[in-house]
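Undergrad: model the following, please.
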Amino acid sequence: MGDCLLPPVGLGVEFTHQLHRMTNRLALTILLAATIVALGLVMTIYYPPSWEQYAG
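TA: Numbering: from 1, shown residues only. As a prediction, this is how the structure comes out:
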């Protein structure tokens, strides 16, 4: 069972660690972009009454 967690032959542990970090960064970037887009959509639908104070 533990063999499936080992990197394939020829790939170093450092390479798989870098690949893992790159994948995590990509996932975080996608989540951040989706949040920004969602906030933009919410602001077009919901217009708070006090928004004129802050946005001008």
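Undergrad: going forward, measure contacts and count neighbours with C-alpha atoms only.
TA: OK.
Undergrad: might you list the low-confidence residue ranges for this protein?
TA: Residue ranges of the chain with pLDDT under 70: 1-11, 55-56.
Undergrad: show me where it has helices.
TA: For the chain, the helices defined by DSSP state H occupy 13-45, 51-55.
Undergrad: centre-most residue in the protein?
TA: Closest residue to the average C-alpha location of the chain: residue 28 at 1.8 Å, with Cα atoms, centre = their mean.
Undergrad: circling back to that earlier point, ranking the helices of the chain by burial, who's on top?
TA: Highest mean neighbour count among the helices of the chain (mean count of other Cα atoms under 10 Å): helix 13-45, with a mean of 12.
Undergrad: got the contact list for residue 28?
TA: Applying Cα atoms under 8 Å, 6 or more residues apart in numbering to residue 28 gives no contacts.
Undergrad: any idea how far it is from residue 21?
TA: Applying Cα to Cα, to the nearest Å, the value for residue 28 to residue 21 is 11 Å.
Undergrad: repeat that for residue 48.
TA: 39 Å.
Undergrad: and residue 47, by the same measure?
TA: Counting by Cα to Cα, the gap between residue 47 and residue 21 amounts to 39 Å.
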